[in-house]
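Undergrad: predicted coordinates and the sequence they were generated for:
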Amino acid sequence: MTAHNVEIDAARSAVVQLRPRYLRKAEAAKYIGCGASKLAILLAEGVLEARRADKLVLVSVASLDAYLDSLPNARDGQGAANNG
């Protein structure tokens, strides 16, 4: 094989994983491990950032990550029953 063919083969086998910036509400709830009602509360309280595309509500993955990062450590025993 020539160097050119090796580059083409390498390009074909490359795997690119894209992380979505926004998730639908059902996907967002699964992402953080809660139900639809808890997600609705977090959205209403402004804890999570969302956008609207007609009737579709899209929740920011960055805000979901920030919410998860803000939760207390499970070893601390604080708030574990109130966060799910």
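TA: Structure's in. What do you need?
Undergrad: can you give me the strands in the protein?
TA: Here the chain has its strands, by DSSP state E, at 22-24, 50-53, 56-60.
Undergrad: need these in CSV with mean pLDDT, mean neighbour count and distance to Lys38, can you?
TA: C-beta coordinates here come from the backbone N, C-alpha and C atoms, glycine included. What follows is the strands of the chain, written out as CSV (pLDDT from 0 to 100; neighbours: other Cβ atoms under 10 Å; distance: least, Cβ to Cβ, whole Å):
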stretch, mean pLDDT, mean neighbour count, distance to Lys38
strand 22-24, 98, 17, 15
strand 50-53, 97, 11, 14
strand 56-60, 97, 17, 12
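Undergrad: can you list these in TSV and add distance to Tyr67?
TA: Below are those laid out as TSV (distance: least, Cβ to Cβ, whole Å):
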stretch	distance to Tyr67
strand 22-24	13
strand 50-53	12
strand 56-60	10
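Undergrad: of all those strands, which one is nearest Leu39?
TA: strand 56-60 (7.5 Å; Cβ to Cβ).
Undergrad: and that closest one, how far from the chain's centre?
TA: Chain-centre distance of strand 56-60: 11 Å, with Cα atoms, centre = their mean, to the nearest Å.
Undergrad: what does that strand contact?
TA: With Cβ atoms under 8 Å, 6 or more residues apart in numbering as the contact definition, strand 56-60 has outside contacts at 21-25, 28, 39, 43, 48-52.
Undergrad: ok, stretch 13-27 next?
TA: Residues outside stretch 13-27 that contact it (Cβ under 8 Å, 6+ apart): 31, 36, 39, 43, 51, 56-62, 64.
Undergrad: what residue is smack in the middle of this structure?
TA: Nearest residue to the geometric centre of the chain (Cα atoms, centre = their mean): Val61, 3.7 Å.
Undergrad: next, the contact list for that one, please.
TA: Contacts for Val61 (Cβ under 8 Å, 6+ apart) come out as Arg19, Pro20, Arg21, Tyr22, Leu23, Tyr31.
Undergrad: could I get the contacts of strand 56-60 as a markdown table with distance to Ser13?
TA: Converted to a markdown table, the contacts of strand 56-60 look like this (distance: Cβ to Cβ, whole Å):
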| residue | distance to Ser13 |
| --- | --- |
| Arg21 | 27 |
| Tyr22 | 30 |
| Leu23 | 29 |
| Arg24 | 32 |
| Lys25 | 36 |
| Ala28 | 33 |
| Leu39 | 38 |
| Leu43 | 41 |
| Leu48 | 38 |
| Glu49 | 37 |
| Ala50 | 37 |
| Arg51 | 35 |
| Arg52 | 40 |
